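>>> give the three-dimensional model of this entry:
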Amino acid sequence: MSATNLKRTLIGMVVSDKMDKTVTVLIERKVKHSLLGKVLRVSKKYHAHDENNEFHQGDLVSIEECRPLAKTKSWRVTKLVEKSQAV
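Sure, this is the predicted structure:
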């Protein structure tokens, strides 16, 4: 069993690319409330490593878990899913 199968992957939107070699990715998921039964959108932000500063705000990207690269950064951007439509 290889180690690559154990890494978690998520797909989310880049909300900030102001840092050097780092992007902030917003992951949204839908969760059903246990008591009310209402479907809620739960979101979380992750800092992900972007070696060449090639991803920008609004891009839809795939990130995977990796070793800790900084205090808050333990994810790496693997591929671009969809380019931003903004000007």
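>>> flag the shaky bits of this protein, pLDDT-wise.
1-5, 86-87 (pLDDT under 70).
>>> okay, strands next: where are they in it?
With strands called from DSSP state E, the chain shows them at 9-16, 22-32, 39-49, 60-65, 73-82.
>>> give the contact list for the nearest residue to residue 16 once chain neighbours are set aside.
In this structure, residue 16 finds its nearest non-sequential neighbour in residue 24, 4.0 Å apart by C-beta to C-beta, 6 or more residues apart in numbering. C-beta: built from backbone N, CA, C; applies to glycine. Residue 24 makes contact with 14, 15, 16, 17, 45, 46, 47, 48 under the criterion C-beta atoms under 8 Å, 6 or more residues apart in numbering.
>>> do the same with residue 44
26, 27.
>>> which strand residues bridge it?
residue 27 (DSSP bridges).
>>> make 867 the first number, not 1, from now on.
I'll keep to 867 as the first residue from here, and by that count the last item is residue 910.
>>> show me the beta-bridge partners of the residue nearest to residue 899 when sequence neighbours are not counted.
Counting by C-beta to C-beta, 6+ apart, the nearest residue to residue 899 once its immediate chain neighbours are dropped is residue 906, at 5.8 Å. Judged by DSSP bridges, the bridge partners of residue 906 are residue 897.
>>> so residue 908 makes contact with residue 893?
No: between residue 908 and residue 893 there is no contact under C-beta atoms under 8 Å: 9.0 Å.
>>> please say which of the two ends up with more neighbours.
residue 893 (15 against 9; other C-beta atoms under 10 Å).
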